[in-house]
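**Student:** Need coordinates for the below:
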Amino acid sequence: MSKHRIGCKTMNDAVVVGSIFMAAGVIMMVIGKTLVPQVAFLDILIQALGGLLLLFVPFILIATFLRTTAERQEQEQEQP
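**Tutor:** Okay, here's the model as predicted:
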């Protein structure tokens, strides 16, 4: 069991997950702006959730990059 828990296993997975988060964030922001009625700040809540999804994209990519480099460094240290 690896001590690195944040991020995806490979960069390919991180790019796919980041793309999904980005698309979902943009869609939620557009839906919050155009389709959701202004009842009890529901439109602002939907837009905020979409913004949070957009903010998670760089964290996913950076965490995965750091995870893969740390695992590669551990493998190089184990080999004499």
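**Student:** C-alpha only now, for contacts and for neighbours.
**Tutor:** Noted.
**Student:** Show me the contact partners of stretch 62-77.
**Tutor:** For stretch 62-77, contacts defined as Cα atoms under 8 Å, 6 or more residues apart in numbering pick out 4, 6-11, 14.
**Student:** Between those, identify the one with the most neighbours.
**Tutor:** Greatest neighbour count in the contacts of stretch 62-77, by other Cα atoms under 10 Å, goes to Ala14: 22 neighbours.
**Student:** measure that residue to Leu53 for me?
**Tutor:** Ala14 sits 14 Å away from Leu53, taking Cα to Cα, to the nearest Å as the criterion.
**Student:** cool, and Ile31?
**Tutor:** For Ile31 relative to Leu53 (Cα to Cα), the value is 14 Å.
**Student:** for the one helix or strand Asn12 maps to, packing partners?
**Tutor:** Under the criterion of DSSP states H and E, Asn12 resides in helix 11-34. Using 3 or more Cα pairs under 8 Å, 6 or more residues apart in numbering; DSSP states H and E as the contact test, the elements touching helix 11-34 are helix 42-78.
**Student:** Specify the angle between the helix it packs on and helix 11-34 in degrees.
**Tutor:** With axes from the mean of the first three to the mean of the last three Cα atoms, to 10 degrees as the basis, helix 42-78 and helix 11-34 are set at 170 degrees to each other.
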